[in-house]
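Colleague: one predicted model, sequence on top.
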Amino acid sequence: MNRSKLREETFKLLYSLEFCKDDTEDIINYYIEENSITDKQDIEYVKNTINGILKEKENICKLISDNLATKWTIERISKVDLVILKLAIYEVKNTDIPFKVAINEAVELAKTYGDDNSKMFINGVLASIVNQNI
């Protein structure tokens, strides 16, 4: 599976976890099996990314909050946009994926799954984070 498709599958899984309170590991394993993700490197990417985001959730959410426009709060962000931001921030901070690639991939996810303003919102927040932290 190519990295863009794998990232999209990881986004879908992460989004579903926003609404589930069940055992995360069981959900991850079920999702991997149901979506025929069989390559060991792909499985490792999904598990490491999801678990890393969950582990660093507070820090990631703080970065998002700190880079929102005045009078915006993280609670106002749609779940779709929030999950896209979490995924992109995790990749920028914790992988060797170039930040330009991570941002571009996040914008592409926003075009597909977000509303009409999502791509600009995602790009703006991520650009602010990258400019302050790199």
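Modeller: All right, it came through fine.

Colleague: need the contact list for E8.
Modeller: E8 makes contact with L109, T112, according to CB atoms under 8 Å, 6 or more residues apart in numbering. Every C-beta, even on glycine, is put in place using the N, C-alpha and C of the backbone.

Colleague: and it, what helix or strand is that in?
Modeller: Taking DSSP states H and E as the criterion, E8 maps to helix 3-17.

Colleague: right, and the helix or strand after that helix?
Modeller: Per DSSP H and E, the helix or strand that comes after helix 3-17 is helix 24-34.

Colleague: tell me which residues touch I122, please.
Modeller: Applying CB under 8 Å, 6+ apart, one finds that I122 lies in contact with D81, I84, L85, A88, I103, A106, V107, L109, A110, G114.

Colleague: the first one contacts M120, doesn't it?
Modeller: The one in question is D81. No - contact between D81 and M120 fails when scored by CB atoms under 8 Å: they sit 10.7 Å apart.

Colleague: these two: who's more crowded?
Modeller: Just comparing D81 and M120: by other CB atoms under 10 Å the higher neighbour count belongs to D81, 23 against 12.

Colleague: which residues are contacting the helix or strand harbouring that one?
Modeller: Assigned by DSSP H and E, D81 falls within helix 79-94. Applying CB under 8 Å, 6+ apart, the set of residues contacting helix 79-94 from outside is 7, 10-11, 14-15, 18, 49, 52-53, 56-57, 60-61, 63-64, 74, 77, 97, 99, 102-103, 105-106, 109-110, 113-114, 118, 121-122, 125-126, 129-130, 133.

Colleague: quick one, which of the residues you listed are buried?
Modeller: When those are checked for burial by 16 or more other CB atoms under 10 Å, the buried set is 7, 10-11, 14-15, 49, 52-53, 56, 60-61, 63-64, 77, 99, 102-103, 105-106, 109-110, 113-114, 118, 121-122, 125-126, 129-130.

Colleague: including distance to N2, could the contacts of I122 go into TSV?
Modeller: Below are those laid out as TSV (distance: CB to CB, whole Å):
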residue	distance to N2
D81	24
I84	18
L85	22
A88	17
I103	18
A106	16
V107	17
L109	14
A110	19
G114	21
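
Colleague: from these, which is closest to D39?
Modeller: D39 lies nearest to L109 out of these, by CB to CB, at 20.9 Å.
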